[in-house]
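Peer 1: Take a look and give me a structure for this.
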Amino acid sequence: MILSTGRKYVFIHAPKTGGTAMALALEDRAMKDDIMLGDTPKALKRRRRVQGIETRGRLWKHSTLADIEGLVPSLEGLFAFTLVRNPWDRMVSYYHWLRDQDFDHPAVALARQMDFNDFACSAHTQSSMRASPARHYMTDARGQERCDLYIRLEHLQDDGAPLWDHLGFTLTLPQANQSRREADHRQYYTDDARAAVAEACAEDIERFGYSFD
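Peer 2: A predicted model of the protein is given here:
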């Protein structure tokens, strides 16, 4: 998450959507008062700036718009945006990322115990995906979805045009936080796993025009 009062934007980082690359690109043009939450270099250096601030929710890399209420006096007037990603591709990256982790979390345990298709079809994974469509991250503390721009990772330059206009410059995203996986997500799926992702992520698939192919 990055909040810039100087450039009047707030970037909400939904997991496994290319958000670390976006954060790094924004960091390259950061202003001295920008608030950053995450594990990028400047975010780590600036973490102490938010210590002691009472907010509605947890302050971390993947804070939602509702979580950060109280971080600044008002979020009004800030250009709010996030990245989204093809859910079938995102699931593959999520699984491979989890398998490299060793912290105590049910999703980590499942990914380390199961093959990809069993993981994608598991009740825990299905419930988690169903509960966190893109709008979940961009809903404020009053339950209102408040997003000026959803940027599809696969169409970054076209979808990002309103952001470039707002910032006054174009961003080029570096490669960052890549999981160890094959590039083509389609090769990982059985018919059952493909259908499971389609059902769990139906809202985002319809909203952003995604397809398996």
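
Peer 1: Going by residue numbers, what spans are strands in this protein?
Peer 2: Using DSSP state E, the strands of the chain run over 2-4, 9-12, 35-36, 79-84, 149-152.

Peer 1: any idea of the mean pLDDT for the longest one?
Peer 2: Per-residue pLDDT values across strand 79-84 average out to 98.

Peer 1: Mind giving me the packing neighbours of that strand?
Peer 2: Judged by 3 or more Cβ pairs under 8 Å, 6 or more residues apart in numbering; DSSP states H and E, strand 79-84 is in contact with strand 9-12, helix 19-27, helix 134-137, strand 149-152, helix 161-167. Every C-beta, even on glycine, is put in place using the N, C-alpha and C of the backbone.

Peer 1: Could you check how far the residue lying closest to Pro87 once chain neighbours are set aside is from Val50?
Peer 2: Spatially, and ignoring its direct neighbours in sequence, Pro87 is nearest to Cys201 (3.7 Å; Cβ to Cβ, 6 or more residues apart in numbering). Noted for Cys201: a distance of 31 Å to Val50, by Cβ to Cβ, to the nearest Å.

Peer 1: Which one's more surrounded, those two?
Peer 2: Using other Cβ atoms under 10 Å as the criterion, Cys201 and Val50 rank with Cys201 on top: 22 against 15.

Peer 1: Next, work out how far apart the residue nearest to Pro87 and Asp148 are.
Peer 2: Taking Cβ to Cβ, one finds Cys201 at 23 Å from Asp148.
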